[in-house]
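Peer 1: fold the following and give me the result.
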Amino acid sequence: MGIQNNVTEFVLLGLLVSTEMKIMSCMLFMLCYFAIFLENFIIFITITCSHLIHQPMYYFLCHLSLMDLAYTSTIIPRLVRDLAAKRKNISFNSCMTQLFTGHFLAGVEMLILVSMAFDRYIAICKPLHYMVIVTRQRCNMLIVLAWGMAFWHSVAQMLMVLKLPFCGPNQIDHYICDVKPLLKLVCADTYVASILVIANSGMVALVTFLVLLASYIVILYNLRKRSSEVRRKALSSCGSHVMVVVLFFVPCIAIYIPPPSIHLNDKEITMFYAVITPLLNPLIYTLRNMEMKNAMQKLWNQKRSP
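Peer 2: I've put the predicted structure just below:
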């Protein structure tokens, strides 16, 4: 028996705010998107046009900036458009595309953060072997692996949704097409699908988060025998990474670990990793990083000089 699917489009209910708040929200998100674009563009240009591109940590940071920009581009423009529009319809195919690209780009970002933690672990715990272990070839391999694993995660997520029957209603209580709000519209038992979502997204995010925390605990343990100067530099670098990891993973875990039947403030929590984290990432990585500041200043001076 074929899958019954009478839905050709969905309606994104979005942020349920008053007309006055919609105008303010629209302007606020446009400013946020502009700031995210500008911040990540500056980081990308600074790293690629300076000696920092040859350092693995900044090589990964360059890719992280691209992922932040790409991921927010799948969410914020649509959110701004829906806040300004009367009709918030999205076709079934466009909804599946947003679902796939959102999980794909977020998955790549998650695994890049793991690669950055690996780089810091080798740099601090095995400094004499750093140049041998963390080569550009291995860095490229980690990036390709991140893209490949994220791709299959997204494919599995999308195929699961495509196999589910949608027969109405078609109103998604969210501003993005995501698995959990879509499961609430399925006209069949979603117990197995809910378990798959928790396993594929929730548990993956939780396990990755715990692995990252464990790696930074090991790093801190190994720093106890180092000089105060080495400890200060390492703590500054790792502190930035830990802040980014917490900002990204904790909201993801809060969204995907509880089953869809449990009603949480999903829309507000999603804001953290969809808007706030990409907005803060460049600031976290640059404000406490003298190498980035010096590279930016040098590049700016070169551009200004005739």
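Peer 1: can you list contacts of stretch 214-230?
Peer 2: If you take C-beta atoms under 8 Å, 6 or more residues apart in numbering as the criterion, stretch 214-230 is touched by 117-118, 120-121, 124-125, 231, 234-235, 238, 241-242. For the C-beta atoms, the positions are set from N, CA and C on the backbone; glycine is no exception.
Peer 1: in the stretch 101-250 of the chain, which spans are strands?
Peer 2: Secondary structure of the stretch 101-250 of the chain by DSSP state E, counting those that start in this stretch: the strands cover 171-172.
Peer 1: before we move on, the earlier item: just the buried residues from the contacts of stretch 214-230, in ChimeraX please.
Peer 2: To isolate the buried ones among the contacts of stretch 214-230 in ChimeraX, judged by 16 or more other C-beta atoms under 10 Å, type:
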select :117,118,120,121,124,234,238,241,242
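Peer 1: could you dump the contacts of stretch 214-230 to TSV with distance to residue 96?
Peer 2: As requested, the contacts of stretch 214-230 are exported to TSV (distance: C-beta to C-beta, whole Å):
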residue	distance to residue 96
117	32
118	33
120	37
121	38
124	43
125	43
231	49
234	44
235	44
238	39
241	33
242	35
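Peer 1: what's the following helix or strand after the helix or strand harbouring residue 10?
Peer 2: Assigned by DSSP states H and E, residue 10 belongs to strand 9-12. Once strand 9-12 ends, the next helix or strand along the chain (criterion: DSSP H and E) is helix 19-48.
Peer 1: is residue 14 in contact with residue 79, as I believe?
Peer 2: Yes: with contact defined as C-beta atoms under 8 Å, residue 14 reaches residue 79; the gap is 7.0 Å.
Peer 1: quick one, which of these two is more surrounded?
Peer 2: Each of residue 14 and residue 79 has its neighbours counted (other C-beta atoms under 10 Å); residue 79 has more, 24 against 21.
Peer 1: now the more buried one, nearest residue through space, not along the chain?
Peer 2: Leaving aside its sequence neighbours, residue 79 sits nearest to residue 175 (C-beta to C-beta, 6 or more residues apart in numbering; 4.9 Å).
Peer 1: distance of residue 29 relative to residue 35?
Peer 2: 11 Å (C-beta to C-beta, to the nearest Å).
Peer 1: that should have said residue 210, apologies.
Peer 2: According to C-beta to C-beta, residue 210 and residue 35 sit 32 Å apart.
Peer 1: again, but for residue 233
Peer 2: Taking C-beta to C-beta, one finds residue 233 at 29 Å from residue 35.
Peer 1: please apply the same query to residue 146.
Peer 2: 26 Å.
Peer 1: show me which of those two is the more surrounded one.
Peer 2: residue 146 (22 against 14).
Peer 1: list the contacts of the strand holding residue 10.
Peer 2: 78, 82, 88-92, 95, 170-172, 174-177, 185.
Peer 1: if we use 6 Å, what do you get?
Peer 2: Strand 9-12 has contacts (C-beta atoms under 6 Å, 6 or more residues apart in numbering) with 82, 88-91, 95, 170-172, 175.
Peer 1: partners of it in the sheet?
Peer 2: strand 89-91 (antiparallel), strand 171-172 (parallel) (DSSP bridges).
Peer 1: need the winner for burial among those strands.
Peer 2: strand 171-172 (a mean of 18; mean count of other C-beta atoms under 10 Å).
Peer 1: quick check: buried residues in stretch 77-91?
Peer 2: So, applying 16+ other C-beta under 10 Å, buried residues of stretch 77-91: 78-80, 82-83, 88, 90.
Peer 1: can you redo the residues you listed as JSON lines with distance to residue 192 and secondary structure?
Peer 2: Output for the buried residues of stretch 77-91, formatted as JSON lines (distance: C-beta to C-beta, whole Å; DSSP: H, G, I helix; E, B strand; the rest coil):
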{"residue": "78", "distance to residue 192": "30", "secondary structure": "helix"}
{"residue": "79", "distance to residue 192": "31", "secondary structure": "helix"}
{"residue": "80", "distance to residue 192": "36", "secondary structure": "helix"}
{"residue": "82", "distance to residue 192": "31", "secondary structure": "helix"}
{"residue": "83", "distance to residue 192": "35", "secondary structure": "helix"}
{"residue": "88", "distance to residue 192": "30", "secondary structure": "coil"}
{"residue": "90", "distance to residue 192": "26", "secondary structure": "strand"}
